[in-house]
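Asks: Here is my input; please provide its structure:
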Amino acid sequence: QVQLVESGGGLVQPGGSLRLSCAPSGSIGGIDSMAWYRQTPGKRRTLVAVAFSNGATNYAVPVQGRFTISRDNANNRVDLQMNYLRSDDTAVYYCNVVLRGTGQTYWGQGTQVTISW
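Replies: Numbers count the residues shown, from 1 in each chain. Presented below is the predicted three-dimensional model:
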């Protein structure tokens with residue numbers, strides 16, 4: 001069964017940067033959107049950034065100007081470059097992929113991002 005494999009989480013000080021990466025473990029078919037979500041304890045999972053197959057991107061307001069999502073379509077990989085990190089960016093970050101046509105959705109296992117001194 002194909003899984004989304006995430007990497008790049010960790011602990012960083014406020015103002016620092018992290019880069020998250022996600023790719024499927026095997027062949028997955030045509031991808032429509034690739035996205036990153038995040039979730040903190042007791043709250044629902046929310047969209048951080050999404051990259052569509054037509055090249056369009058969209059960002060949540062709190063991360064605009066600080067985060068950049070990018071896709072490598074040849075390798076079905078999606079990265080999230082996070083700069084000027086703040087304590088309220090602390091969360092578990094999840095990769096999300098939606099397939100073209102079927103709408104089948106895949107989720108990564110989540111990677112912890114902690115912003116703290």
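Asks: who's in contact with the residue most central in space within the chain?
Replies: Computing the C-alpha centroid of the chain and ranking residues by C-alpha atoms, centre = their mean puts Trp36 first, at 2.5 Å. For Trp36, the contact set (C-beta atoms under 8 Å, 6 or more residues apart in numbering) comprises 20, 22, 47-50, 69, 78, 80, 93-96. Any C-beta I mention is one placed from the backbone N, CA and C, and that applies to glycine too.
Asks: In strands only, show me those residues.
Replies: 20, 22, 47-50, 69, 78, 80, 93-96 (DSSP state E).
Asks: thinking Leu18 is in contact with Val12, fair?
Replies: Yes - counting by C-beta atoms under 8 Å, Leu18 does reach Val12; the two are 5.5 Å apart.
Asks: Overlap in contacts, these two.
Replies: 85, 113.
Asks: just checking, Trp107 is part of a strand?
Replies: Yes - counting by DSSP: H, G, I helix; E, B strand; the rest coil, Trp107 is located in a strand.
Asks: ok, it to Gly55 distance?
Replies: Separation of Trp107 from Gly55 (C-beta to C-beta, to the nearest Å): 23 Å.
Asks: Before I go, just wanted to say thanks for your time.
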